[in-house]
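Participant: For reference, the sequence and a predicted model appear below.
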Amino acid sequence: MNRSTPRGELLRLGFTDVDRAQAHLADLGPAGVELLAYLGRTADPDAALSALVRLADATSDRDALLAALTSDEGTAMRLLLVLGASVALGDHLVAHPEHWRRLTDPTLGTTRPAAWVFREALLRAVGADPDDPEPVATLPDAEAVDALRVEYRLLLLPLAARDLAHDLGVDDAAAELSDLAASTLEAALAVARQRVGEESRTVRLGVVAMGKCGGHELNYVSDVDVIFLHEPVAGADDAAAARTAAKLASHLMQVCSDHTREGTIWPVDAALRPEGKAGPLSRTLTGHRGYYERWADTWEFQALLKARPVAGDLDLGGQFVDMVAPMVWSVADREGFVDAARAMRRRVLDHIPAKEAERQLKLGAGGLRDVEFAVQLLQLVHGRADERIRVPGTLSALAELTQEGYIGRPDGEALHEAYAFLRQLEHRIQLHRMRRTHVLPDDEASLRRLGRSLGYLKGAAPAAAPHLGAPPARGQPAAPEALLPSAAVRGRADPPARASPSPPRRRPTGSRRWGTPTPTRPCATSRR
């Protein structure tokens, strides 16, 4: 065992299994001692060190790995912070050890990849031509599905590293995750076209993202809500085109959600479509128009606030968004609109399991959904006449609502800080095992890991206590127990008194924890 590192020093750095840590450090040789200070900054030093040893054993060039870590602080922090915060990504690296090299790029902390970069990488991974307007996978089906999963994790890896090591803003991380999800849907559609064959050329299929993906605010692991729409190509039979569109949509969903030897990605949920699960998987523009004009409930228009074309026929998806926009911004004219919206929120609260109610970051009282709900309700009420507040992202919409005086500045700042903090908590919880969850853990080990991942490096984390009361040492805002502090943000229909036009203060995005702060390069939405 490596006795050069005293047990007390390992305990001070955050290790809990000192004997095992000493054995692992001895296995790594001199490099282990050099990396101790970096390991002590991770969410779980024991897990980070154990995963590093597994990775060193798995890689074909152990010496190159250890040399890169000991010679470059940026590489060491990016890799070790990922290994300490995410068991899932650690397992991915052990299974694909060559992927660690992706974290050696010194520009990771200062740049954000454009959406077309994700699209091209994922399409090429399944053997499709990115320049084809209707790309089709060419790899054998099972190979293509696995390749999509591997490439997805490879692209997710540097994103997580930037999030953990370079203080990536929560809104920037969510936007990048949304771009990655949109490109994944495109690649999954390419595999679906291969499965359907030449028949797929008889229909135009558009994929419109809803919810967080549509609003560019996706989580690490979340259902990706979509609506499918189609139009037959010239000369094609309408009924046959509808059947083909349903096949393509169904296969796309399976490609993303099926479990294979390379795991899964996330579920694609089309339940927000007209008539929900009882309705056809895809409709034409005319079919959608007829439903929304005659039958749609208030909540369905609220859901359409974030609609965005992301895959397939983008022109068709854009026509859908343009078609429903006037309906969305007139829904507040309906009698009883505010009362109906509030009643739906109460129904959500009533269905939360009692044992999770105090730890539900998303659905619980004072949670993420309350902020989103308040923002969306104010947008629908006042967006009828004010186009400036018609923005899909929650934090951007909140800033506009505050700027234009629909929310008072103190309330706007409180909501902004609380929402950003809760979203970061949610991201860290999901990143650990890449599982869809919104519930704060209640065991000591998980709370300790979560707190350390947020910047608490001594003992159990106050930020992970049940009421989320104390802010982290590096200035991350705490979440107030009540997120709706005044009538101005509780959805009243009458115009508010004009408030100070100053928007909530926002932390500059793209700042680097390790090195000189540098602005993040803007992200292009698509090359197409």
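Facilitator: Noted; the coordinates are in hand.

Participant: Walking through the protein, point out its strands one by one.
Facilitator: 203-209, 224-232, 268-269, 282-283, 308-312 (DSSP state E).

Participant: And the residue nearest to the spatial centre of the chain, how close does it get to Asp386?
Facilitator: Nearest residue to the geometric centre of the chain (Cα atoms, centre = their mean): Asn219, 2.4 Å. Distance of Asn219 to Asp386, given as Cβ to Cβ, to the nearest Å: 29 Å. Bear in mind the C-beta positions are built from the backbone N, C-alpha and C, glycine included.

Participant: Span of stretch 396-409 from start to end?
Facilitator: 14 Å (Cα to Cα, to the nearest Å).

Participant: circling back to that earlier point, what residues are up against the residue nearest to the centre of the chain?
Facilitator: By Cβ atoms under 8 Å, 6 or more residues apart in numbering, Asn219 lies in contact with Ala174, Leu177, Lys212, Arg423, Glu426, His427, Gln430, Arg436.

Participant: Among the residues you listed, name the buried ones.
Facilitator: With burial judged by 16 or more other Cβ atoms under 10 Å, the buried subset of the contacts of Asn219 is Ala174, Leu177, Lys212, Arg423, Glu426, His427, Gln430.

Participant: Do you know the pLDDT at the fifth one?
Facilitator: The one in question is Glu426. The score at Glu426 is 96. That number is its pLDDT.

Participant: what number of residues lie near the residue lying closest to Arg124 once chain neighbours are set aside?
Facilitator: Setting aside the residues directly before and after it, Arg124 is nearest to Pro130 in space (Cβ to Cβ, 6 or more residues apart in numbering), at 6.6 Å. As a burial measure, Pro130 scores 18 neighbours (other Cβ atoms under 10 Å).

Participant: Same check on the one 3 residues further on?
Facilitator: Pro133 is flanked by 8 other residues according to other Cβ under 10 Å.

Participant: try Arg334
Facilitator: 12.

Participant: Show the pLDDT at it.
Facilitator: 89.

Participant: which one is it nearest to, not counting chain neighbours?
Facilitator: In space, and not counting its chain neighbours, Arg334 is closest to Thr298: 6.2 Å by Cβ to Cβ, 6+ apart.

Participant: Longest helix of this structure, counting residues only.
Facilitator: In the chain, assigned by DSSP state H, the helix with the most residues is helix 170-196.

Participant: Centre of the chain to it, how far?
Facilitator: 12 Å (Cα atoms, centre = their mean, to the nearest Å).

Participant: Who are the packing partners of that helix?
Facilitator: helix 115-125, helix 141-165, strand 203-209, helix 211-214, strand 224-232, helix 238-257, strand 308-312, helix 409-433 (3 or more Cβ pairs under 8 Å, 6 or more residues apart in numbering; DSSP states H and E).

Participant: where in the protein is pLDDT low?
Facilitator: Counting by pLDDT under 70, the low-confidence segments of the chain come to 1-4, 458-528.

Participant: How is it divided into domains?
Facilitator: 7-104, 115-328, 337-489 (automatic domain parsing).

Participant: For Gly211, give its distance to Ala239.
Facilitator: Gly211 sits at a distance of 31 Å from Ala239 (criterion: Cβ to Cβ).

Participant: Show me which of these two is the more surrounded one.
Facilitator: Remark: of Gly211 and Ala239, Gly211 carries more neighbours, 20 against 9, as counted by other Cβ under 10 Å.

Participant: what's around the residue nearest to the more buried one when sequence neighbours are not counted, how many residues?
Facilitator: Using Cβ to Cβ, 6+ apart and skipping the chain neighbours, the partner closest in space to Gly211 is Asp225 (3.9 Å). Residue crowding around Asp225 was assessed by other Cβ under 10 Å; the count is 22.

Participant: dump the residue contacts of Asp225.
Facilitator: Ala209, Met210, Gly211, Lys212, Cys213, Gly214, Asp269, Ala270, Ala271, Leu272, Ala303.

Participant: so the residue nearest to Arg334 makes contact with Ala340?
Facilitator: Yes - judged on Cβ atoms under 8 Å, Thr298 makes contact with Ala340 at a distance of 4.9 Å.

Participant: between the two, what contacts are shared?
Facilitator: Residues touching both Thr298 and Ala340 (Cβ under 8 Å, 6+ apart) are Arg334.

Participant: The two - which one has more neighbours?
Facilitator: Thr298 (19 against 15).

Participant: Would you check how far apart that one and Ala23 are?
Facilitator: The separation that Thr298 has from Ala23, given Cβ to Cβ, amounts to 61 Å.

Participant: try Gly412
Facilitator: Separation of Gly412 from Ala23 (Cβ to Cβ) stands at 52 Å.

Participant: which one of these two has more residues nearby?
Facilitator: Set Gly412 next to Ala23 and count neighbours by other Cβ under 10 Å: Gly412 wins out with 26 against 14.

Participant: which one is that one nearest to, not counting chain neighbours?
Facilitator: Using Cβ to Cβ, 6+ apart and skipping the chain neighbours, the partner closest in space to Gly412 is Thr402 (3.2 Å).

Participant: mind checking how far that neighbour is from Gly366?
Facilitator: 19 Å.

Participant: Looking at those two, which one has more neighbours?
Facilitator: Thr402 (26 against 19).

Participant: Pretty sure the more buried one sits against Arg409.
Facilitator: Yes - assessed by Cβ under 8 Å, Thr402 is found in contact with Arg409 at 6.0 Å.

Participant: How many residues are close by the nearest residue to Thr70 once chain neighbours are set aside?
Facilitator: Spatially, and ignoring its direct neighbours in sequence, Thr70 is nearest to Glu34 (4.7 Å; Cβ to Cβ, 6+ apart). Using other Cβ under 10 Å, the number of residues around Glu34 comes to 15.

Participant: Export stretch 440-459 to PDB, keeping only CA atoms.
Facilitator: Output of stretch 440-459 as PDB, limited to C-alpha atoms (Å, rounded to 0.1, in the frame of the first residue of the first chain):
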ATOM      1  CA  LEU A 440     -33.800  14.900  -3.900                       C
ATOM      2  CA  PRO A 441     -32.100  11.900  -2.300                       C
ATOM      3  CA  ASP A 442     -32.300  11.400   1.500                       C
ATOM      4  CA  ASP A 443     -29.300   9.100   2.300                       C
ATOM      5  CA  GLU A 444     -26.200  10.700   3.600                       C
ATOM      6  CA  ALA A 445     -23.800   9.400   1.000                       C
ATOM      7  CA  SER A 446     -25.900  10.800  -1.900                       C
ATOM      8  CA  LEU A 447     -26.400  14.100  -0.200                       C
ATOM      9  CA  ARG A 448     -22.700  14.400   0.500                       C
ATOM     10  CA  ARG A 449     -21.900  13.600  -3.200                       C
ATOM     11  CA  LEU A 450     -24.500  16.000  -4.400                       C
ATOM     12  CA  GLY A 451     -23.300  18.800  -2.100                       C
ATOM     13  CA  ARG A 452     -19.700  18.400  -3.200                       C
ATOM     14  CA  SER A 453     -20.700  18.500  -6.800                       C
ATOM     15  CA  LEU A 454     -22.200  21.900  -6.200                       C
ATOM     16  CA  GLY A 455     -19.100  23.300  -4.500                       C
ATOM     17  CA  TYR A 456     -19.400  22.200  -0.900                       C
ATOM     18  CA  LEU A 457     -16.100  20.400  -0.300                       C
ATOM     19  CA  LYS A 458     -16.300  19.800   3.500                       C
ATOM     20  CA  GLY A 459     -18.600  17.400   5.100                       C
END
